[in-house]
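Trainee: Based on what follows, work out the 3D shape:
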Amino acid sequence: MAAGIALLVIGGATGWGVTQYSTGTTAQAPENQFVRRALNAHVVYAHDANRPVELRSTEQKRLINWLSDRLDHKLMTPDLAGKGFHLIGGRLVNDQSMRAALFMYEDKFDKRVSLYVRPGMVGGNTKFRFIAEHGTVAFYWTNGPLTYALTGEIPCTRS
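Mentor: Numbers count the residues shown, from 1 in each chain. Reported below is the predicted structural model:
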């Protein structure tokens, strides 16, 4: 999982670019609503200087167990240290009538990316997809029972 997420960060920064920009088929598609909520959660919490997370990474085991219990699925936090990001913590967020987990990562320049996770959508697309809005990028996919969105202010280049 960590290797896949790291690949997404690299891909977004170096080559997938704006030419792969996709918002889906309709504004009301469930996956578009999901990624919009992931983008919104990132914007709200990544820029919160006082409390971007509920539980800090110093309590990582407690954080993972707590969020896993809330989502009824075993969660893991990917290691993005190889890409310059370290886990600062996470929080429980609302995704309409479902619960979602938000893991926050930060680099040495205080730039943050977040991983938004919730139980998968029925018939969820397993392909990696990409959307960019207002300087914020999201890579999103479904893998098994969970749907993920990696979001942040990741620079994209045109291929």
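Trainee: neighbours around Arg118, how many?
Mentor: Summarising burial for Arg118: neighbours were counted as other CB atoms under 10 Å, giving 24. C-beta here means a position set from N, CA and C on the backbone, and glycine is covered the same way.
Trainee: Now it: closest residue in space, sequence neighbours ignored.
Mentor: Ala100 (3.8 Å; CB to CB, 6 or more residues apart in numbering).
Trainee: right, and that neighbour touches Leu71 too?
Mentor: Yes: the criterion here is CB atoms under 8 Å, and Ala100 meets it with Leu71 at 7.4 Å.
Trainee: And the two? Which one has more around it.
Mentor: More crowded of Ala100 and Leu71, by other CB under 10 Å: Ala100, with 24 against 20.
Trainee: Am I right that that one is in a strand?
Mentor: Yes: remark: Ala100 belongs to a strand, assigned using DSSP: H, G, I helix; E, B strand; the rest coil.
Trainee: which neighbours do Ala100 and Leu71 share?
Mentor: Common neighbours of Ala100 and Leu71 (criterion: CB atoms under 8 Å, 6 or more residues apart in numbering): Val117, Arg118.
Trainee: hey, what's the residue nearest to Arg118 bridged with?
Mentor: Partner residues in beta bridges with Ala100, using DSSP bridges, are Val93.
Trainee: ok, it - contacts?
Mentor: With CB under 8 Å, 6+ apart, Ala100 has these contacts: Arg37, Ala38, Ala41, Leu71, Leu92, Val93, Asn94, Tyr116, Val117, Arg118.
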